[in-house]
Each structure stands twice: as C-alpha cells, then as structure tokens.
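J.: what shape does this take:
(chains A and B)
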There are 2 protein chains.
Amino acid sequence: MSDGTALRGLSESGRVAAPGEGIGLDELGLAARNHGVLLEALRHDVTPPGLHYLLTHYDVPFLDPDEWRLTLRGAVRTPRTLTLADLQARPAVTQRVTLECAGNGRARLEPRPVSQPWLVEAVGTAEWTGTPLAPLLGEAGIGPAAVDVVFTGADHGVERGVEQDYARGLPVAEALREDVVLAWAMNGAPLPPQHGFPVRLVVPGWYGMAHVKWLTAIEVLQRSFDGYQNAVAYRLAGEDPDDPGEPVTRIRPRALVVPPGFPDFLSRSRVVRPGRCLLEGRAWSGRAPVVQVEVSTDGGTTWDAADLEPADPRHPYAWRRFTYGWDATPGSYELCARASDAEGGQPLEQPWNRQGMANNLVQRIGVVVTEVGG
Amino acid sequence: MSDGTALRGLSESGRVAAPGEGIGLDELGLAARNHGVLLEALRHDVTPPGLHYLLTHYDVPFLDPDEWRLTLRGAVRTPRTLTLADLQARPAVTQRVTLECAGNGRARLEPRPVSQPWLVEAVGTAEWTGTPLAPLLGEAGIGPAAVDVVFTGADHGVERGVEQDYARGLPVAEALREDVVLAWAMNGAPLPPQHGFPVRLVVPGWYGMAHVKWLTAIEVLQRSFDGYQNAVAYRLAGEDPDDPGEPVTRIRPRALVVPPGFPDFLSRSRVVRPGRCLLEGRAWSGRAPVVQVEVSTDGGTTWDAADLEPADPRHPYAWRRFTYGWDATPGSYELCARASDAEGGQPLEQPWNRQGMANNLVQRIGVVVTEVGG
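T.: Modelled structure (predicted):
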C-alpha cells in the first residue's frame, strides 16, 4: 500500500527460512491450495483433468463468459475489444505443451525461500486449443518500436505489499512467435475455472508464470514492463538484496521417474519386489530438445543411459517418455534421473537463488527392494 | 512387514510433532499430492471438476475398465463377479453429496499428529451417479448373521508398517441404506482416475474414508472387520497409546466462509474495502440437518445468526449456502463461522485426539478493512 502501514503484518516482504525451520502454516496454506501432478500420472502422455499442477497467485476468479471482454491496447494503431465469440471465430490450433511452475523444487533448497513450497511435482502436460496471438497483434498494428507485450489477468491480490491484478510482460519477439496462443480449451473441453476460464495465454517453452490466466487485457509497450511480476518476482537473484537478478524465462531440463512399486503412506518411500523392474518417466526442457536422460540407482554416484522415445515433431514442447530396465536385488536404493538438453543437464547440487526459481535439482526416490511383505 | 525390520526407516509408527515443530518434508509431500477445495469455489452448489478435495492413501491405480471386475463374496448365498457393464445395466440414481476428509483441520492441532496436514479445505460436493448397493446384497443373500461389509480398493501400499490394499468395513445396517451406491460417474462424467475410476463406494453422511475408491471386492463378514483402516486408523483415541478409541463415522457439523475481498499471496489474509460486504459460505453435517449457522467478526467473542438457505429435500447430504451482511468499517478483524446440527455445534477450542480425526474447529480468517490500496 502507499503508506506501507495498513497492510503491515498481512503482506510481508520476501524472506528465507532460518536453518532447520520447518514449513510454516503460511507455506502450508499455499500447499493446500496449489497442487502438483500425482507422479503416478506421469504415465500419461497428456495429464488427465484435475491432475495437472495448479498455482494460483490470488483467488480463482469465476467469470461469466458472456460478460468477459479482452482489451487490446497500448502502442497499437487500432485498439480493440474482443468477445469470446470473436476469438473463437478466428483460426484455431491445438498444441500439446508441458507446463512447469518456476518455483518447482523450492522446498528442498537450503536455506528455503518462503513461498509456495513445491517439492518436484509442479508440472503437467495438456492439449491447449486457441487462436494464435501474432495475427491479432499484426492486425492491430504494433510497429517496430514495440518492446514488451503485457498480459493482465482478472485475479487480484496483494503480494509483498503490492496490490495488483496479476500481470506479466513478454518480450515482443516472444509474443509474435507463431505458437503463442490465446487458449480457451484444455484437453478438448472449455478451460476449467482454475486453469484460466475463459481464456489464458500459452507461451510454449516458458515457465508457468508467463501463461497468464483469466486474461482481460493485452497492452503493447514501447519500453520494458516494470510491473511486480517482472521486476520483483520471477528473478534469479542471489543473496545480496540489492541484486535484482536475471528474469526467469524458459523451462530448464528436468526428468521425473514414476515412483516404482508401492509407497509408504507418510514417507512416500517405495517398496519394490526383487526382479526386473521397468522404470519409466518423463523428461522435458523448454529451451532446447532433450538429448539424453540418465538414471542412477545409487543416489547419483553412477549413471546409465535411459531409453528416450524419439522426439515427435508435432509436439516440440511436450515431455517425452523414457524407460530404464532395472534388475532390482534386495537392498536399499536411491533412484535418480537427469535430463540434458543441448545447453546442459540437471545439477546434483543446486545453485541457490533467493526466490527459489528455475531449480531443476535431480529427483531422489528412496526404495527398499524386498521379498518381505510390509 | 512380518519381521518388522526390512521396512524400518521407510514406514514409521504414528507420532505427534514436538511443540513448535514445523511441518516436515514428509507431511509436505502429502500436501503436494492431496489438495483441498479452493475456498473461493465454495460459491458453487456443486464443486467444479478438479477443485473437489482429494486424498489418496497410496498411489492412484490406473485401471482398464474392460479388465475391471468387482467380486461380491464372503457370507453370501451366491458369490458373484460383476463387470462395469453389469453394474451400469442396473437401476441408476444420482445423489448430491458433500464429502469431507476425516483428517480435515489436523494441521492446526497442538500438538500436531503427523499425517496429511489439512488446514480446513478437505471438502467438496459432487453429483455421484451409480447403482444402489442394497439390492445387490439382497440378491446375493446376506442373511441375518452379517455384521460388517468390507470394501477393498485397488490402491496398494504400506502404512505404519502394514502392507495392504486399502480396505474398510462398514456396519451392515449402513451398507443396506438405500442411499449407499456403487458410483461410476461424478458430475455427469466417468469418475476421474483420482476419484476412483471405474467404480467407488458412496456412503452419504460419512467421512471420506468410508467411500472406498477403485473398488475391487465387497466381502460380507459375520464378525467385525479388524483390518488396519478400521482397527488402527480412523479412531478417536486419546494420549494413552493403549486406548484404541472410538471409530470415526459420520461428518460433524462445519461451516466455511468464502474469504471476502482479496488475498495476500503468502498469508492468505484478506483485504476488504469499507462498506456493505455480503459474506457467503457453506455449512454441512453428515449426522443430522444443520439447524443454525452463526458468524463472528471478532474472532468468536460475539456471534450473530447467518441466513441459512432452506434444506432441499432432494439433497439431504449436500452442504447448504449461508449469507451474512457485514458492515465493514476500517480496522482488523477475525471472521469465523460455526454450524450446529441437532446434536451440537462446532467447538472454539478443539478436544484433541491422537490421529487428529473428526476435528471441526471453527475457521478463522484474518481481514484488514481499509480504503488504502495494497
């Protein structure tokens, strides 16, 4: 707020947990709302409805599609306002895209940035149907001086003391990519309320923060957008509080294994019967094709190549399945998988950043191989 | 396991957190999988798909409906095996039912039982379509000596050292109620995998543990079922570890308010503009009709009756909407709501039990009323 007092105690500055500090009720309140994919659902090429990860900054707005309008404004020759019918009358494309939250893995960082405490599950793959954005921008006339395109959603809240509608700027070159769409359907059905009904942005390859939900406005700027979600949040910043950090953009490579065998209720550790065990999982990267997936059964000491399914040219931004045949003999194991793209692979030790962003530390799954029943 | 060693360290006994102990990574791992309803979705009579609460003990099994079979066995004259088509050829009914997890509210107990750390959101309302169970049991011939009917699901795991398929016994008198159904549809569509596809049990009025998902077997016993989920879990037990406690059965009354205004991202506390504010929410009980809902804006010191919508005889087990007009003037407030049924109301101070079960402590929402922007 402007004088910084009325919301004191309600909307705190960002902080990092003390050494050994457990997850607080504030972080738990976020974890109870925002949910990851169930790792066993990684079997599916397309994540079934309700199992895709979900992150809502403020409240899900429940919008009336008949009342809904999208304003296209700013540095354009012809501002306009579109209805849902206007959008749906335009050419439609469907794209299979893997989305991941930029904060995925944050809860395992030490010290832990206090925010949505993701472990590894903030991912999902869906078929998004919508109309390409570039022709709309072209018709409106954006000109060569355009720098950023700002997408504003209907969700309204306070974050670190700043009241806002959620809004993100995207560099104009990205906004003009032919695969960036205004989507109204997910897996062939209207968007569920929590995924942006009636219309959201989809920017294949970028972390989830770019895919603005509940879109209400698109504004072309002839300068960089300096709103909260670009200038303050979603930065790769170090310990120095004056370091603004680099912006978070594209998804770094990650592989996740479907946990084999069966779980313990509380620890989620696994029991596997001795014998041949086909491990399977999914690997993705938003910045370049995945070139290799490796599996370790000894906590990352030794690695072996997994079989990675060929890239499908129809789905350049969807995860890919990998498999690995493991001869499981009695004992205790720690399974890991790591993906690499042309720019590099996943770290075993995480370079820390203050917001816990773009963390792609390798997954670790504790497994006991035993004949004995539980 | 039988000798108690191979799974040591993987599947621990139940425990209670130490004073001041934060939520651990094990509890967080459950919170990342299992999710509550978004409180803003309490506006809806029927919870939209993907927003209903979800609790999975082990892994979601992904079952082939063509291969799926349901065995009806035990103390019956005519055991039989049913296909999905067999069930769907029988008379179908649709019922609107509010489901709540028996562990709802556990994370706010002090000391905190270590398990799925729900705050208040483990609830949802759906339209369940299926065929009544009683005629099936009648045709099979269960006889007057039947005591419990045991429902087994396909989800398999270890819990507190005990390997099991999830299985729950239900007293035969409950199993024979005409509103207990074998359901294959939720909100008019086939059950999503995570809600029990292809068939689950629905026992209106009971906490969620009774509504066994991914049903594979129904067994009639002429004794009480002594399996883990009845004899060990889902008990109202005190501090004495030798106290087995009473079984958890029907849902106690609870009211939840849709948080007004807009939230802070991290604390989920609310900002409300001064003026008339219509609070709304939902109230339910599984043991008797809700007779009263009261609202407090001062943290429970004083209470005022809310307007409760009339009971709808078509939906005796669905939550009911309530509203309360609040003249919000600048300041800080704690909003609460409490529901009462004929047997009593919600407590302001929680009688503690060792598993954190059937806890219906009143919800508290921090609100700042201010003209000032955030």
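J.: once you drop chain neighbours, what's closest to the residue in chain A that chain B sits nearest to?
T.: Distances between chain A and chain B by Cβ to the nearest Cβ are smallest at residue A:22, namely 1.6 Å. Every C-beta, even on glycine, is put in place using the N, C-alpha and C of the backbone. Take residue A:22 and drop its neighbours on the chain: the residue closest to it by Cβ to Cβ, 6 or more residues apart in numbering or on different chains is residue B:22, 1.6 Å away.
J.: surely that neighbour touches residue A:18?
T.: No: using Cβ atoms under 8 Å as the test, residue B:22 is too far from residue A:18 to be in contact (10.1 Å).
J.: okay, now the unreliable bits of chain A?
T.: A:1-6, A:8-9, A:373-374 (pLDDT under 70).
J.: would you mind giving the domain segments of it?
T.: Listed domain ranges for chain A are A:25-233, A:254-369 (source: automatic domain parsing).
J.: need those domains in a markdown table with mean neighbour count and distance to residue B:93, can you?
T.: Below are the domains of chain A laid out as a markdown table (neighbours: other Cβ atoms under 10 Å in any protein chain shown; distance: least, Cβ to Cβ, whole Å):
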| stretch | mean neighbour count | distance to residue B:93 |
| --- | --- | --- |
| domain A:25-233 | 20 | 24 |
| domain A:254-369 | 19 | 33 |
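J.: I'd like the ones you listed laid out as a markdown table, including distance to residue B:188.
T.: A markdown table is the format used below for the domains of chain A (distance: least, Cβ to Cβ, whole Å):
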| stretch | distance to residue B:188 |
| --- | --- |
| domain A:25-233 | 12 |
| domain A:254-369 | 29 |
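J.: adding distance to chain B, write the ones you listed out as a markdown table.
T.: Converted to a markdown table, these look like this (distance: least, Cβ to the nearest Cβ, whole Å):
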| stretch | distance to chain B |
| --- | --- |
| domain A:25-233 | 3 |
| domain A:254-369 | 4 |
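J.: can you tell which of the ones you listed is closest to residue B:326?
T.: domain A:25-233 (18.1 Å; Cβ to Cβ).
J.: and the closest one, how far from the chain's centre?
T.: 10 Å (Cα atoms, centre = their mean, to the nearest Å).
J.: quick revisit: looking at the domains of chain A, which is nearest to residue B:255?
T.: Using Cβ to Cβ, these put domain A:25-233 closest to residue B:255, at 18.1 Å.
J.: what ranges do the helices span in chain A?
T.: A:25-33, A:84-88, A:133-140, A:172-175, A:228-231 (DSSP state H).
J.: to the chain's geometric centre, what's the distance from stretch A:222-241?
T.: 18 Å.
J.: hang on, residue A:332 packs against residue B:7?
T.: No: taking Cβ under 8 Å as the definition, residue A:332 is not a contact partner of residue B:7, at 10.4 Å.
J.: got any residues that touch both of these two?
T.: Among the neighbours of residue A:332, those also in contact with residue B:7 (Cβ atoms under 8 Å, 6 or more residues apart in numbering or on different chains) are residue A:368.
J.: who are the contact partners of the nearest residue to residue A:203 once chain neighbours are set aside?
T.: Distance criterion Cβ to Cβ, 6+ apart; nearest residue to residue A:203, sequence neighbours excluded, is residue A:210 at 4.4 Å. Residues near residue A:210 by Cβ under 8 Å, 6+ apart: A:168, A:170, A:201, A:203, A:249.
J.: do residue A:31 as well
T.: Counted by Cβ under 8 Å, 6+ apart, residue A:31 has contacts A:23, A:116-117, B:28, B:31-32.
J.: can you give me every residue that contacts residue A:360?
T.: A:104-105, A:252-254, A:346-347.
J.: how about those in a markdown table, adding distance to residue B:315?
T.: Below are these laid out as a markdown table (distance: Cβ to Cβ, whole Å):
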| residue | distance to residue B:315 |
| --- | --- |
| A:104 | 40 |
| A:105 | 43 |
| A:252 | 48 |
| A:253 | 49 |
| A:254 | 44 |
| A:346 | 50 |
| A:347 | 53 |
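J.: and those, which two are the farthest apart?
T.: A:104 and A:347 (13.9 Å).
J.: so what's residue A:282 bridging to?
T.: residue A:256, residue A:321 (DSSP bridges).
J.: now it: how far from residue A:40?
T.: Separation of residue A:282 from residue A:40 (Cβ to Cβ, to the nearest Å): 12 Å.
J.: same check, this time on residue A:100
T.: Applying Cβ to Cβ to residue A:100 and residue A:40 gives a distance of 18 Å.
J.: just to revisit the earlier point, nearest to residue B:56, of the helices of chain A?
T.: Going by Cβ to Cβ, the one of these nearest residue B:56 is helix A:25-33, 15.0 Å.
J.: re earlier: which neighbours do residue B:22 and residue A:18 share?
T.: With Cβ under 8 Å, 6+ apart, residue B:22 and residue A:18 have no common neighbours.
J.: and the two? Which one has more around it.
T.: residue B:22 (17 against 8; other Cβ atoms under 10 Å in any protein chain shown).
J.: ok, that one - contacts?
T.: By Cβ under 8 Å, 6+ apart, the neighbours of residue B:22 are A:21-24.
J.: restricted to strands, list those.
T.: Per DSSP state E, strands hold no members of the contacts of residue B:22.
J.: now list the buried members of the residues you listed.
T.: A:22-23 (16 or more other Cβ atoms under 10 Å in any protein chain shown).
J.: turn the contacts of residue B:22 into TSV, including distance to residue A:223.
T.: Shown next, in TSV, are those (distance: Cβ to Cβ, whole Å):
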residue	distance to residue A:223
A:21	40
A:22	43
A:23	39
A:24	38
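J.: between the contacts of residue B:22, which is closest to residue A:75?
T.: residue A:24 (43.3 Å).
J.: thought the closest one was touching residue A:114?
T.: Yes: counting by Cβ under 8 Å, residue A:24 does reach residue A:114; the two are 7.1 Å apart.
J.: residues shared between the contacts of those two?
T.: residue A:17.
J.: end to end on stretch A:280-294, go ahead and measure it.
T.: In stretch A:280-294, first residue to last residue: 12 Å (Cα to Cα, to the nearest Å).
J.: in strands, which of the contacts of residue A:360 fall?
T.: Per DSSP E, the subset of the contacts of residue A:360 in strands is residue A:254.
J.: closest one to residue B:138 out of the contacts of residue A:360, please.
T.: residue A:104 (51.6 Å).
J.: got the phi and psi for that closest one?
T.: phi -50, psi 140 (degrees, to the nearest 10).
J.: ok, the closest residue to it other than its chain neighbours - contacts?
T.: Leaving aside its chain neighbours, residue A:104 sits nearest to residue A:122 (3.9 Å; criterion: Cβ to Cβ, 6+ apart). By Cβ under 8 Å, 6+ apart, residue A:122 lies in contact with A:34, A:36-37, A:53, A:55, A:100-101, A:103-104, A:208.
J.: tell me how far residue A:122 lies from residue A:340.
T.: Distance from residue A:122 to residue A:340, by Cβ to Cβ: 21 Å.
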